[in-house]
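[1] could you work out the structure for the sequence below:
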Amino acid sequence: MENQIWNVDQKELVGAEGAVIKWDNETFFTLTYQGKKFLGELLEESTESNLLRLKINHREFTIKKKGPLDDLISKMGLDVPKVKKMKELQAPMPGRVVNIAIEVGQSIEVGDEILSLEAMKMENVLKAEGIGVVKAILVSPNQVVDKGSVMIEFE
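    Predicted structure coming up:
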């Protein structure tokens, strides 16, 4: 019997024999594998795209059955997500710079913390929405900035 290939949280895995799923109802199930039991819940099902979103032992997984079309898309390079390159970071609101979490020359990735900005007595952590290398930091801690002010420049 041919093993099936699955993508679990965007990592390719070959299906394991010996795993048993017992459904309690249309949402909840028990997965038994190598003598261990795992409690599961079906969060989302999309049969057209062979996609499942499951919660197993309080951890969420996105699972996709891999098919021939997936191989073609991968060979064509169409499965690589596009990431924008950052040019500058502008203040999204007026406020006071609380903390700067980067330094000149540092490479940043999507989701990296850049700086904290206090506005209306709330601290807002600004994170990278793209990739880049820090070229210049144009603000300093405790500096007050206006909305739209350029605070960081990227190469």
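[2] residues touching the residue lying closest to F28 once chain neighbours are set aside, list them.
    Nearest non-adjacent residue to F28, counting by CB to CB, 6 or more residues apart in numbering: E41, 5.5 Å away. The way it works is simple: take the backbone N, C-alpha and C, and place the C-beta from them, glycine included. E41 is in contact with 27-29, 54-56, counting by CB atoms under 8 Å, 6 or more residues apart in numbering.
[3] for K135, same thing?
    Taking CB under 8 Å, 6+ apart, one finds 104, 153-155 in contact with K135.
[4] and which of the residues you listed is nearest to G35?
    F154 (51.6 Å; CB to CB).
[5] now stretch 124-138: mean pLDDT?
    Stretch 124-138 shows a mean pLDDT of 95.
[6] could I get the buried residue list for it?
    126, 128, 132, 134, 137 (16 or more other CB atoms under 10 Å).
[7] next: stretch 141-153.
    Burial within stretch 141-153, assessed by neighbour count using 16+ other CB under 10 Å, is assigned to 145, 151-153.
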